[in-house]
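A.B. asks: generate a structure from the sequence data that follows.
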Amino acid sequence: MFAAGGMLAACAGSACVTATCAGCGAVGGAISKVSARAMYTVLFLFTTILAVVMRDYAQPMMRKIPWISSFNLEPSPQWFGAQSVYRISFGNFIFFGSLSLMLINVRSRADPRDRHIHHGGWVLKSTAWLVCNVLPFFFSNDVITGYTWLARVGSGVFLVVQMVILLDFAFFWNESWVAKEHMAWVVGLLVSTVLLYAGSITLVVFLYKWYSPAGEECSRNVWLITVTLVLCVVFTAISVHPVAKEGSLLPSAVIAAYCVYLCYSALSSEPSDDKCNPHAGHHQAKPTMVTSMVLTLLSVVYSALRAGSSDFFGGISNDAEGASDLTLLGGAEMRGGVDAENAGDDSDDDTAAGKAYPSGPVSYSYSFFHFIFALASMYLAMLMTGWGMHDTEDAEEVDVGWASVWVKMSSLWVTAALYTWSLVASAVLPDREFL
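C.D. replies: Residues are numbered from 1 along each chain as shown. All right, here's what the predicted structure looks like:
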C-alpha cells in the first residue's frame with residue numbers, strides 16, 4: 001500500500017512538473033507571438049519582483065544558509081536583504097550574458113540559433129532562468145563581493161548607454177517632425193520646446209526651495225543645482241550658435257529636462273538624516289516610494305529594449321528590404337508579421353507541419369540586446385542597494401545614499417558633455433564625418 005502510495009505521489013509530482021513546464025512554454029509562446037522581446041521583458045519584470053520580495057522578506061531564510069551567514073558578529077538585516085538582491089541580479093546576469101554569448105554574429109534568420117535559441121525553446125529557457133536564479137545562492141560571499149564590484153562597473157556602462165539612447169531619441173524626434181514640412185508639426189515642435197524649458201525652469205526653482213531650506217547651510221546642494229542650470233544654459237546657447245551646424249532647440253530642451261530631472265533625482269537620494277533633505281526626520285509614504293520604484297524600473301526596461309532594437313547601437317538594418325528598425329517594437333511584430341510568426345515557431349514540429357521558417361537578415365542584434373539586459377540586471381542590484389552601500393534602515397527606501405547621489409550627478413555631467421560635443425564636433429574636427 002505504501003509502495004503504491006509512493007508511486008502515485010511520484011506520478012503526481014511528475015505530472016505537476018510537466019504541467020508547469022508546459023504552462024511556461026505555452027505562456028512563452030503566446031507572448032512571443034507578439035514579440036520575442038516582450039517575453040524577455042516579462043522575465044526581467046519577474047526578476048524585479050523577485051528581487052524586491054527577496055530583499056524584504058527572505059532575511060530569515062538567508063540567516064539559515066551556513067556559507068552565507070558565517071560570521072562571528074552577525075550582520076544587520078539589511079545586509080542579508082542586499083545579499084538576496086545581489087544573488088538574484090547575478091543569476092540574471094548569467095542568464096542574459098550566456099544568451100548574448102551564444103547569439104554572437106547572428107545576422108541571418110536562416111541561422112539555427114535564431115529559431116532555437118532567441119525565438120524558440122521557451123520551456124528550456126524558462127527552466128534555465130529558474131536555475132540561474134537559484135544557483136548564486138550556493139556561491140560564497142567572496143564571489144558575490146567580487147560580482148558587486150563588477151556590477152558597479154556594468155551599471156556605469158548601462159547609464160552611459162541610457163545617455164546615448166536619450167541623445168539618439170532627441171535628434172530623431174526633431175528630425176522626424178521637421179521632415180513633415182507642415183505648419184502643424186512646426187507648431188508642435190515649438191510647443192514641445194516651450195513646455196520642456198518651462199518645466200525645467202519650474203523644477204529648478206523648486207529645487208532651490210526644497211533642497212536649500214531657510215536657516216540651513218546647504219552650499220553643496222546650491223552648487224549642484226547651479227552647475228546644472230549653467231550647463232543647460234551653455235549647451236542651449238551653443239545649439240543656436242552658427243558653430244553648431246546640427247543644433248536645434250528641441251533636442252536641447254529634451255537634454256535640459258533630463259539633466260534637471262537627474263539633479264532632482266540625485267538630491268532626493270540624499271540620506272533622510274541629512275539636514276538639507278526635505279524628508280529629513282520623517283519617512284515618505286509607501287505609495288510614493290512604490291510609485292517611484294516602478295517608474296524607475298520601467299525606465300530600465302525601456303532602455304534595454306530601445307538599445308537592443310536601435311541601429312545606432314549596432315543593430316542590423318534591413319536595407320535590402322528597404323526597412324529599418326526604428327521603433328521599440330517593430331511594426332511587423334505588433335501586427336503579427338515576420339518576427340511574430342517566427343517567435344511562435346518554438347518547436348521542431350513546425351517544419352514537419354509544412355510551415356516555412358522565414359529567411360533574410362535579422363532586424364536587430366540579438367547578442368547586443370541580451371547584453372543590455374545583462375547590464376540592466378547589474379543596474380537593478382545597484383538601484384536597490386544604494387550602489388552596494390545600502391545603509392538605510394527603512395526597507396521601503398530604494399536608491400538612497402551618497403553613492404547614488406554622486407553617480408547620478410556624474411551621469412548628468414557626462415550627458416551634458418556628450419550633447420555639447422555632438423553640437424561642436426563637426427566644427428572642432430571639420431575633416432571628420434559625423435553621422
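
A.B. asks: how close does Lys209 sit to Cys218?
C.D. replies: 11 Å (CB to CB, to the nearest Å). All C-beta spots, glycine's among them, are computed from the backbone N, C-alpha and C.

A.B. asks: comparing the two, which shows the higher neighbour count?
C.D. replies: Cys218 (20 against 11; other CB atoms under 10 Å).

A.B. asks: so what's the more buried one scoring on pLDDT?
C.D. replies: We have a pLDDT of 86 for Cys218.

A.B. asks: what's around Phe172, how many residues?
C.D. replies: Count around Phe172 with other CB under 10 Å applied: 14.

A.B. asks: again but with Asn133, I slipped
C.D. replies: 22.

A.B. asks: kindly report the same for the one 4 residues further on.
C.D. replies: The local packing count at Phe137 equals 20, with neighbours defined by other CB under 10 Å.

A.B. asks: one more: the one 3 residues further on?
C.D. replies: If you count neighbours by other CB under 10 Å, Ser140 ends up with 11.

A.B. asks: enumerate every residue touching it.
C.D. replies: By CB atoms under 8 Å, 6 or more residues apart in numbering, the residues touching Ser140 are Trp67.

A.B. asks: and Trp387, how far is that from Phe93?
C.D. replies: 16 Å.

A.B. asks: likewise Leu380?
C.D. replies: 10 Å.

A.B. asks: now swap in Ser252 and tell me
C.D. replies: As defined by CB to CB, Ser252 lies at a distance of 36 Å from Phe93.

A.B. asks: cool, Tyr379 as well?
C.D. replies: 10 Å.

A.B. asks: who touches both of these two?
C.D. replies: Common neighbours of Tyr379 and Phe93 (criterion: CB under 8 Å, 6+ apart): Ala151, Gly154.

A.B. asks: of the two, who's got more company?
C.D. replies: Applying other CB under 10 Å to Tyr379 and Phe93 shows that Tyr379 carries more neighbours, namely 27 against 24.

A.B. asks: ok, now how distant is the more buried one from Ala151?
C.D. replies: Counting by CB to CB, the separation of Tyr379 from Ala151 is 8 Å.

A.B. asks: cool, and Ile372?
C.D. replies: 15 Å.

A.B. asks: do Pro136 as well
C.D. replies: Distance, Pro136 to Ala151, using CB to CB: 12 Å.

A.B. asks: out of these two, which sits in the busier spot?
C.D. replies: Taking other CB under 10 Å, Pro136 and Ala151 do not tie; Ala151 has more neighbours (26 against 21).

A.B. asks: list the residues that contact Ile65.
C.D. replies: Contacts of Ile65 by CB under 8 Å, 6+ apart are Phe137.

A.B. asks: can you say which helix or strand has the nearest residue to Leu166 once chain neighbours are set aside in it?
C.D. replies: Leaving aside its chain neighbours, Leu166 sits nearest to Tyr258 (5.8 Å; criterion: CB to CB, 6 or more residues apart in numbering). When elements are assigned from DSSP states H and E, Tyr258 belongs to helix 249-268.

A.B. asks: by contact count, what packs against that helix?
C.D. replies: helix 141-178, helix 183-210, helix 219-239, helix 402-428 (3 or more CB pairs under 8 Å, 6 or more residues apart in numbering; DSSP states H and E).

A.B. asks: from the contact counts, what lies against the second one?
C.D. replies: If you count contacts as 3+ CB pairs under 8 Å, 6+ apart, helix 183-210 packs onto helix 141-178, helix 219-239, helix 249-268.

A.B. asks: buried set for the first one?
C.D. replies: Pointing back at helix 141-178 there. The neighbour-count check on helix 141-178 (16 or more other CB atoms under 10 Å) flags 144, 147-148, 151-152, 154-156, 158-159, 161-171, 173-174, 177 as buried.

A.B. asks: ok, now the second one?
C.D. replies: The neighbour-count criterion (16+ other CB under 10 Å) identifies Asn221, Leu224, Ile225, Val227, Thr228, Leu229, Leu231, Cys232, Phe235, Thr236, Ile238, Ser239 as the buried residues of helix 219-239.

A.B. asks: relative to helix 183-210, how tilted is it?
C.D. replies: For helix 219-239 against helix 183-210, the angle by axes from the mean of the first three to the mean of the last three CA atoms, to 10 degrees is 160 degrees.

A.B. asks: re the thing from before, residues shared between the contacts of Pro136 and Ala151?
C.D. replies: Joint contacts of Pro136 and Ala151 (CB under 8 Å, 6+ apart) are Tyr86.

A.B. asks: so what pLDDT did the closest residue to Leu423 other than its chain neighbours get?
C.D. replies: Setting aside the residues directly before and after it, Leu423 is nearest to Ala244 in space (CB to CB, 6+ apart), at 4.1 Å. On the pLDDT scale, Ala244 is placed at 82.

A.B. asks: Ala244: how many residues sit nearby?
C.D. replies: Under the neighbour criterion other CB under 10 Å, Ala244 is assigned a count of 20.

A.B. asks: SS state for it?
C.D. replies: Following DSSP: H, G, I helix; E, B strand; the rest coil, the label given to Ala244 is coil.

A.B. asks: so how far is Trp387 from Arg37?
C.D. replies: Distance of Arg37 to Trp387, given as CB to CB: 28 Å.

A.B. asks: pipe the buried residues of helix 219-239 into TSV and attach distance to Ser84 per row.
C.D. replies: TSV is the format used below for the buried residues of helix 219-239 (distance: CB to CB, whole Å):
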residue	distance to Ser84
Asn221	33
Leu224	33
Ile225	36
Val227	37
Thr228	35
Leu229	40
Leu231	38
Cys232	40
Phe235	42
Thr236	44
Ile238	46
Ser239	46
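
A.B. asks: which residue ranges form the helices in the stretch 1-150 of the chain?
C.D. replies: Taking DSSP state H, counting those that start in this stretch, the helices of the stretch 1-150 of the chain run over residues 2-32, 36-57, 59-63, 77-102, 112-113, 122-134, 141-178.

A.B. asks: mind telling me which of those helices the model trusts least?
C.D. replies: helix 2-32 (a mean of 45).

A.B. asks: so what's Ser69 up against?
C.D. replies: Ser69 sits in contact with Met62, Arg63, Phe80, where contact means CB under 8 Å, 6+ apart.

A.B. asks: count of neighbours near the second one?
C.D. replies: Look at Arg63: counted by other CB under 10 Å, it has 14 neighbours.

A.B. asks: now do the residue lying closest to it once chain neighbours are set aside against Trp413, distance only.
C.D. replies: Among residues not flanking Arg63 along the chain, Ser69 sits closest, at 5.0 Å (CB to CB, 6+ apart). Separation of Ser69 from Trp413 (CB to CB) stands at 41 Å.

A.B. asks: what's the pLDDT at Leu231?
C.D. replies: We have a pLDDT of 96 for Leu231.
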